[in-house]
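A.B. asks: Sequence first, then the predicted structure:
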Amino acid sequence: MTDVSEVAENIYMIDNQLFRIPRWGSVYLLNEDKKALIETGPTTSAVTVLDGIRKIGVRPKDIAYIIVTHIHLDHAGGAGVLAKEMPQAQVIVHHKGARHLINPTRLLQSTIDARGNEVIATHGEVLPIETHRLRAIKEGDTISLGNQQILEFIDAPGHAPHELCIYETRNGGLFTGDAVAVYIAECDILLPFHPPPHFDLELCFKTLKRLEDFSASIIYYSHFGFSNKVPEHISRAREKLLAWDNIVMSAVKEGAFKGVSKRLISQACAEVEPMKGVKSLELLYKYLVNVHIPLCAVGHTKYYQEALTVNIS
């Protein structure tokens, strides 16, 4: 059964069972005069998302906006499939990512290059979006869903140059995509680390500062769930990025950059150790340790190799 919960007034979270893993992917339905879906998940999650929308009591054909925080396939891969079920919906995307939803060939190939051919099985087919259904968004653009709910879009690079965060006025909340962190609420674990190819530490810091300025009361994570501890979570994300930065800088000083990826993986795996033995998090723990954390180590290593012109051969 699809897991749906109301996490704030008129905001419902659907567990989209991302990669068939419970509590890993969040899709949000804003049930206002004009209804909006934030995130789609990949095509392999589309049936679950549609079931969740209907469980809330909303007809998919009544969705006015499909909004993706960025174009990575675990956030936007299902947009083409869902758009067919939501014929009046406008697809909202960062202006730097719009062309890749119209023609997803390069986006799909980039994901395969980073993660291997298994991407096709885990994410499913990526259907193109018709140009006339897309709206390319820039910093400061807004969309009104009703008298009390206006969405303000925030340019939020660092994880990706095509990342948007969204401030919603009804509850004073922020949809942060992957700009802040991955959050595992059951164990209060926050992982603000980023896969290749576009991680940029300085841009991450600037985005975190920008988000702090909104003084939001709630963060809605795409991985996974929500938290009311907004200043604390942003501070923790910054501190953990600095911790990985310190690990890298120490390795560089020691002339041991070649092994820095293993150090990063070891540190992050130690952080998720409390998940072991929690039955509901068993699949997620295995995914984090075997896939997500190693991939993030690659992303950070690539960033430092280019930023510091370090030779790892």
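C.D. replies: Thanks, I have it. Numbering: from 1, shown residues only.
A.B. asks: Buried residues in the helix or strand where residue 306 lies, which are they?
C.D. replies: Under the criterion of DSSP states H and E, residue 306 resides in helix 293-307. Residues of helix 293-307 classed as buried: 293-304 (neighbour count, 16 or more other C-beta atoms under 10 Å). Using the backbone N, CA and C atoms, a C-beta is placed for each residue, glycine as well.
A.B. asks: Please apply the same query to stretch 62-79.
C.D. replies: 63-79.
A.B. asks: got it, and stretch 179-188?
C.D. replies: Result for stretch 179-188 [16+ other C-beta under 10 Å]: buried residues 179-184, 187.
A.B. asks: picking that back up, restricted to strands, list the buried residues of stretch 62-79.
C.D. replies: Among the buried residues of stretch 62-79, the members found in strands (DSSP state E) are 63-67.
A.B. asks: so after the helix or strand bottoming out on mean pLDDT in the chain, what's the next helix or strand?
C.D. replies: In the chain, the helix or strand scored least confidently by mean pLDDT, DSSP states H and E is helix 105-115, which has a mean of 84. Remark: after helix 105-115, the chain's next helix or strand is helix 119-123, criterion DSSP H and E.
A.B. asks: and whatever helix or strand comes next after that next one, what other elements does it pack with?
C.D. replies: Downstream of helix 119-123, the next assigned helix or strand under DSSP H and E is strand 134-137. On a contact count with 3 or more C-beta pairs under 8 Å, 6 or more residues apart in numbering; DSSP states H and E, strand 134-137 meets strand 90-94, helix 98-102.
A.B. asks: where does the stretch 201-313 of the chain dip in pLDDT?
C.D. replies: Scanning the stretch 201-313 of the chain for pLDDT under 70 picks out 310-313.
A.B. asks: hmm, back to that, please produce TSV containing the buried residues of helix 293-307, extended by distance to residue 160.
C.D. replies: Formatted as TSV, these follow (distance: C-beta to C-beta, whole Å):
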residue	distance to residue 160
293	18
294	19
295	14
296	13
297	18
298	15
299	11
300	14
301	17
302	14
303	13
304	18
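A.B. asks: quick one: which of the residues you listed is nearest residue 158?
C.D. replies: Nearest to residue 158, judged by C-beta to C-beta, of the buried residues of helix 293-307 is residue 303 at 10.4 Å.
A.B. asks: which residues touch the closest one?
C.D. replies: Contact partners of residue 303, counting by C-beta atoms under 8 Å, 6 or more residues apart in numbering, are 199-201.
A.B. asks: With neighbour count as extra columns, can I get the residues you listed in TSV?
C.D. replies: Formatted as TSV, the contacts of residue 303 follow (neighbours: other C-beta atoms under 10 Å):
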residue	neighbour count
199	22
200	18
201	18
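A.B. asks: Can you tell me which of the residues you listed lies closest to residue 284?
C.D. replies: Of the contacts of residue 303, the one sitting nearest to residue 284 (C-beta to C-beta) turns out to be residue 199, at 21.7 Å.
A.B. asks: Which residue ranges of the stretch 151-300 of the chain form strands?
C.D. replies: 164-168, 173-175, 182-184, 189-191, 218-221, 225-227 (DSSP state E, counting those that start in this stretch).
A.B. asks: quick one on the thing from earlier: out of the helices and strands packed on strand 134-137, which gets nearest to residue 55?
C.D. replies: strand 90-94 (22.8 Å).
A.B. asks: Tell me which residues are up against that closest one.
C.D. replies: 64-68, 70-71, 76, 79, 83, 101, 129, 133-137, 143, 155, 162-164.
A.B. asks: partners of it, with directions?
C.D. replies: strand 63-67 (parallel), strand 134-137 (parallel) (DSSP bridges).
A.B. asks: Residue 11 and residue 42, how far apart?
C.D. replies: 22 Å (C-beta to C-beta, to the nearest Å).
A.B. asks: Equivalent analysis for residue 256, please.
C.D. replies: Applying C-beta to C-beta, the value for residue 256 to residue 42 is 37 Å.
A.B. asks: try residue 293
C.D. replies: For residue 293, the distance to residue 42 - C-beta to C-beta - is 20 Å.
A.B. asks: show me the contacts for residue 38.
C.D. replies: Contact analysis of residue 38 by C-beta under 8 Å, 6+ apart lists 27-30, 67-69, 166, 175, 220.
A.B. asks: Kindly recompute the last result at 7 Å.
C.D. replies: 28, 30, 67, 166, 175 (C-beta atoms under 7 Å, 6 or more residues apart in numbering).
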